[in-house]
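> Make a model of this:
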Amino acid sequence: MAIALASATVILPAMMPASAAPSPPSLLTSSQLSTIQSQVQDAISGLSPTLTGLARIQAVNAALVAIAAKDTATMGAAAIDAIVGDAILAGVTPTVVVDAVIRGAIAGGVPGSTAIADVVLAAIHDGAPAANVASQALATGTNIPLPPDVTGTGLGMAAAQLARTDISDANAIGQTVANEGTAPLRVAYRDGVLANGGSVELAALGNSFPLATGEVGEGRKIDNGLLNDVGGNRNQGNDSGFTGQANNQQATINQNLPPCSGPSCV
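Numbers count the residues shown, from 1 in each chain. This next block holds a predicted model:
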């Protein structure tokens, strides 16, 4: 499960076809990159030191959602890579970054599939484990909620792009889709991979037999609105976390966003 903040309002833009592609390399100016870096650093450093645990993670999430919404609205999807990188560099847990920037980018007008693909690629390029990132993207898509074909297409786009340089991480995305995705999401993942030049084998991986992809001994920690060091939702791998406690807290403290009501949802 992932962060679900009642205060986060997401406006969903028009439907993205499976043939959509991730955003091209950043065309931001040095001034824009510096602005984003300052925004992220100021937002994190400006948080009250008395905030801890869930309260702090919610505050960080809200700040990153706001930054992503503002910057993607004015700079376009190219801002995503910089926001993700600066937030991870500032010490924010990657799963928190993934959740917040997906939400903020969609609110800023980036189509859902593109937002998911760009955030997933940025987080992986900045060192976050591919399986963790993909699982958080799946959870965020469910909690917004996005139509499963939108989330699946975005993950397929990301996997196809990633396969050009890192087939291991691309396969981790596909296996996560197989482990956690619904049937419509797995179909959309397949179509997203093929439409973006990915191999048949990578496309088929999303419909393969579920396997554990988490780190041995720890399990894969998926942010559910609680800090990972107070339980987390460890839903794959050799789990030993406090899943029941974490899930109960998430259910009582957080609320899902209202269903998509726009002309069409991405």
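
> For A123, the count of nearby residues, please.
If you count neighbours by other Cβ atoms under 10 Å, A123 ends up with 29. For the C-beta atoms, the positions are set from N, CA and C on the backbone; glycine is no exception.

> tell me which element it falls in.
In this structure, A123 sits in helix 112-125 according to DSSP states H and E.

> tell me the mean pLDDT for that helix?
What helix 112-125 shows for mean pLDDT is 98.

> same deal with stretch 129-146?
Stretch 129-146 comes out at a mean pLDDT of 98.

> And stretch 153-169, by the same measure?
Averaged across stretch 153-169, the pLDDT comes to 98.

> Any buried residues in that stretch, and which?
T153, G154, L155, G156, M157, A158, A159, A160, Q161, L162, A163, D169 (16 or more other Cβ atoms under 10 Å).

> start to end distance for that stretch?
Stretch 153-169 stretches 17 Å from its first residue to its last (Cα to Cα, to the nearest Å).

> same thing with stretch 38-57?
Start-to-end span of stretch 38-57 (Cα to Cα) is 20 Å.

> Are we agreed that L27 is in a strand?
No. Using DSSP: H, G, I helix; E, B strand; the rest coil, the assignment for L27 is coil, not a strand.

> on that earlier part again, send the alpha carbons of the helix holding A123 over as CSV?
Only the C-alpha atoms of helix 112-125 are listed here, as CSV (Å, rounded to 0.1, in the frame of the first residue of the first chain):
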residue,chain,number,x,y,z
GLY,A,112,-0.7,9.8,-16.2
SER,A,113,1.2,7.2,-18.2
THR,A,114,4.0,9.7,-18.9
ALA,A,115,4.2,10.8,-15.3
ILE,A,116,4.6,7.2,-14.1
ALA,A,117,7.2,6.3,-16.7
ASP,A,118,9.2,9.4,-16.1
VAL,A,119,9.2,9.1,-12.3
VAL,A,120,10.0,5.4,-12.4
LEU,A,121,12.9,6.0,-14.8
ALA,A,122,14.2,9.0,-12.8
ALA,A,123,14.1,7.1,-9.5
ILE,A,124,15.9,4.1,-10.9
HIS,A,125,18.5,6.2,-12.5
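
> helices and strands around it, which ones?
Helices and strands touching helix 112-125, as assessed by 3 or more Cβ pairs under 8 Å, 6 or more residues apart in numbering; DSSP states H and E, comprise helix 79-89, helix 94-107, helix 130-143, helix 148-162.

> and the angle for it with helix 79-89?
Note on geometry: by axes from the mean of the first three to the mean of the last three Cα atoms, to 10 degrees, helix 112-125 and helix 79-89 are set 40 degrees apart in direction.

> From G76, how far out is the closest residue to M75 other than its chain neighbours?
What sits nearest to M75 in space, not counting adjacent residues and going by Cβ to Cβ, 6 or more residues apart in numbering, is Q32, at 5.7 Å. Per Cβ to Cβ, to the nearest Å, Q32 is found 10 Å from G76.

> circling back to that earlier point, G174: which of the helices and strands packed on helix 112-125 is closest?
Of all those, it is helix 148-162 that lies closest to G174, at 5.6 Å by Cβ to Cβ.

> Taking helix 148-162 as reference, get the angle to whatever helix or strand comes next after that closest one.
Of the helices and strands lying after helix 148-162 in sequence (DSSP H and E), the nearest is helix 167-180. Counting by the same axes, to 10 degrees, helix 167-180 lies at 160 degrees to helix 148-162.

> Just list what helix 167-180 packs against, helices and strands only.
helix 130-143, helix 148-162, helix 183-195, helix 200-205.

> Show me what the longest one packs onto, helices and strands only.
Translated: helix 148-162. Looks like helix 148-162 contacts helix 112-125, helix 130-143, helix 167-180, helix 183-195, helix 200-205 (3+ Cβ pairs under 8 Å, 6+ apart).

> Can you check what angle separates it from helix 94-107?
Here the directions of helix 148-162 and helix 94-107 differ by 120 degrees (the same axes, to 10 degrees).

> in the protein, which segments are predicted with low confidence?
Counting by pLDDT under 70, the chain shows low-confidence ranges at 1-26, 212-266.

> Alright, calling it a day.
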